[in-house]
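Engineer: predicted model, plus sequence, below.
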Amino acid sequence: MFKFFRKEVIILKIYADNAATTKMSRAAIDAMLPYMSKIYGNPSSLHSDGQAAAEALYSARERISQILGCSLKEVTFTSGGSESDNQAIITAAKLGEAKGKKHIISTAFEHHAVLHTLEALEKQGFEITLLDVGEYGLVTAEQVKNALREDTCLVTVMYANNEIGTIQPIKEIGAVCREAGVLFHTDAVQAVGHLRINVAEQNIDMLSLSAHKFHGPKGIGVLFARKGIALRNVIYGGAQERGKRAGTENIPAIIGMAKALENAAANIEANSVKLTKMRNRLINGLSEIPHSILNGDKEKRLPGNVNFCFEGIEGESLLLLLDDKGISASSGSACTSGALDPSHVLLALGRPHEIAHGSLRLSLSEENTEEEIEYIIESVKEVVEYLRNMSPVWRDLVSGKKEFVIK
Amino acid sequence: MALYSEKVMDHFRDPRNVGVIENADGIGEVGNAKCGDIMKIYLKIENDIIEDVKFETFGCGSAIASSSMATEMIKGKPLSEALTLTNKAVAEALDGLPAHKMHCSVLAEEAIKSAIKDYYDKNNIEYNHKLFPDCESCGHCCDG
């Protein structure tokens, strides 16, 4: 007798896709509202309406720079992580090109905002080295050191990976780059607000961050660039952001971002403890599913990130059934990306295609509860079993016709 | 999920004819795990009629829904009719599939044809080769 699903009346709604985006906090929303209704002037205007907005802009920039450990002039507001990544990389590339240096080092599992920018540069004659991230999704400072050449103009390594959450040795990599006199950029979009970051202490020259990953609004981010780095414009126009990024400043979003970042920074330790406990319980629970594997190092990972592959099933159907159960998650399968290849991150770990297709990413926030974690574990177990029972791939594995990849 | 029609979601949540047929008269398996889609069709054939059909699928919502609908459309039908089943008919019966998911309905059509071909081959029955998918040259699936 085959068991089937019905769309149940959803009583429990669990959001476990915080790596994709987060819910805005009440505090961030409330901080933004006056800047939509009362203080709505253009900061570039001379009148008091404009100047009130300019003051808010200044104050937000000040607060953000304090949290990052840098100075005001080193903070540029952008539309988010992708824009910051683009501007940082293009800047370093152009600076290098002027000195005849056209080699860039990065990793195999960067976000596409980095990888596709590098691909575009490759077409302009740059040489790109992508470091191997190994089975556990970690690169070492040693790898970076060995890859450095006389003509390297940039090293860009993400702080924490968005799919598998693994945390890179940023301070050490920064030190290696400092010694070699090579610019070091980190895409810290997944890390800011969740891990303690100080750009000065960690030898970071440029850093990208995005507000909607830490309960701020979407469409706003920051590019930190150390004093002395002459940013190249991605957007030309007016004189905003010291002429480096044109466009009337999105004051409400900037205020929302500042508020969200302040709250996140104040609660990093407490949130980390709470999340890590839930994350580890989730990892242990899901590990009980036979022929499953955790993607990425178990310890050196973001407090809220869990990513598994389940042999014999496909990710999109997994997500749809979890959605029916009220659980929002994501996957690295090809079907979910719209491409034919599954996630480049999972492939970079060495997962074979058929295994990478059966992946599930759950990313928690401080709002998730231990009760929700138990429900997630039970639901995933149920759904995986159901899908395996209708999978010809699973049948071949179980009957011995094919050998299990995940033992 | 606005991505899929109600019919697709129905066939996905409540797929018809899932399972295997022991000693099936014809078995067809298409797709590959590298692409992320595999469909296997089992046929029980009596007097050239498809008495029973079962399927197994490794794949996304569209793949499962397509296989379910396709088996419903050929169950109890004569082989000659089952051979005329097209992926377009399957997709239409499902009230449409997103453009980038149409290949799932193609896979369903091919799985059924593959099972019928297997039946013909097993019983040395003559057939028109042109009616059947030529996996080497079709290029529908991604490159192996």
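Structural biologist: That came through, no problem.

Engineer: who touches the residue nearest the centre of chain B in this structure?
Structural biologist: The residue lying closest to the centre of chain B (C-alpha atoms, centre = their mean) is B:Ala108, at 2.8 Å. Contact analysis of B:Ala108 by C-beta atoms under 8 Å, 6 or more residues apart in numbering or on different chains lists B:39, B:63, B:66-67, B:69-70, B:87, B:90. Using the backbone N, CA and C atoms, a C-beta is placed for each residue, glycine as well.

Engineer: chain A contacts on chain B?
Structural biologist: Within chain B, the positions near chain A by C-beta under 8 Å from any C-beta of the partner chain are B:1, B:9, B:12-15, B:18-20, B:29, B:33-40, B:56-64, B:100, B:142.

Engineer: just the buried subset of the residues you listed, please.
Structural biologist: Buried by 16 or more other C-beta atoms under 10 Å in any protein chain shown: B:9, B:12-13, B:15, B:18, B:29, B:33-40, B:56-64, B:142, out of the residues of chain B next to chain A.

Engineer: show me where chain B has its helices.
Structural biologist: Taking DSSP state H as the criterion, chain B carries its helices at B:6-13, B:61-74, B:79-82, B:87-93, B:102-122, B:135-138.

Engineer: can you put the ones you listed in TSV and add mean pLDDT?
Structural biologist: Formatted as TSV, these follow (pLDDT from 0 to 100):
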stretch	mean pLDDT
helix B:6-13	95
helix B:61-74	96
helix B:79-82	95
helix B:87-93	96
helix B:102-122	95
helix B:135-138	52
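
Engineer: could you look over those and pick the most buried one?
Structural biologist: helix B:61-74 (a mean of 27; mean count of other C-beta atoms under 10 Å in any protein chain shown).

Engineer: now that helix and helix B:102-122, what's the angle there?
Structural biologist: Compare the direction of helix B:61-74 with that of helix B:102-122 by axes from the mean of the first three to the mean of the last three C-alpha atoms, to 10 degrees and you get 50 degrees.

Engineer: so how far is helix B:61-74 from its chain's centroid?
Structural biologist: Helix B:61-74 sits 7 Å away from the centroid of its parent chain (C-alpha atoms, centre = their mean, to the nearest Å).

Engineer: using CSV, write out every CA atom in that helix.
Structural biologist: What follows is helix B:61-74, C-alpha atoms only, in CSV (Å, rounded to 0.1, in the frame of the first residue of the first chain):
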residue,chain,number,x,y,z
GLY,B,61,8.1,17.5,-9.1
SER,B,62,7.5,17.7,-12.9
ALA,B,63,9.2,14.3,-13.4
ILE,B,64,7.1,12.6,-10.8
ALA,B,65,3.9,14.2,-12.1
SER,B,66,4.7,13.5,-15.7
SER,B,67,5.4,9.8,-15.0
SER,B,68,2.2,9.5,-13.0
MET,B,69,0.1,11.2,-15.7
ALA,B,70,1.7,9.2,-18.5
THR,B,71,0.9,5.9,-16.8
GLU,B,72,-2.7,6.9,-16.2
MET,B,73,-3.0,7.8,-19.9
ILE,B,74,-1.8,4.4,-21.2
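
Engineer: mind giving me the packing neighbours of it?
Structural biologist: Packing partners of helix B:61-74 (3 or more C-beta pairs under 8 Å, 6 or more residues apart in numbering or on different chains; DSSP states H and E): helix A:315-324, helix B:6-13, strand B:37-46, strand B:49-58, helix B:87-93, helix B:102-122.

Engineer: how about TSV for these, with distance to A:Pro34 added?
Structural biologist: TSV is the format used below for those (distance: least, C-beta to C-beta, whole Å):
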stretch	distance to A:Pro34
helix A:315-324	36
helix B:6-13	43
strand B:37-46	52
strand B:49-58	53
helix B:87-93	51
helix B:102-122	50
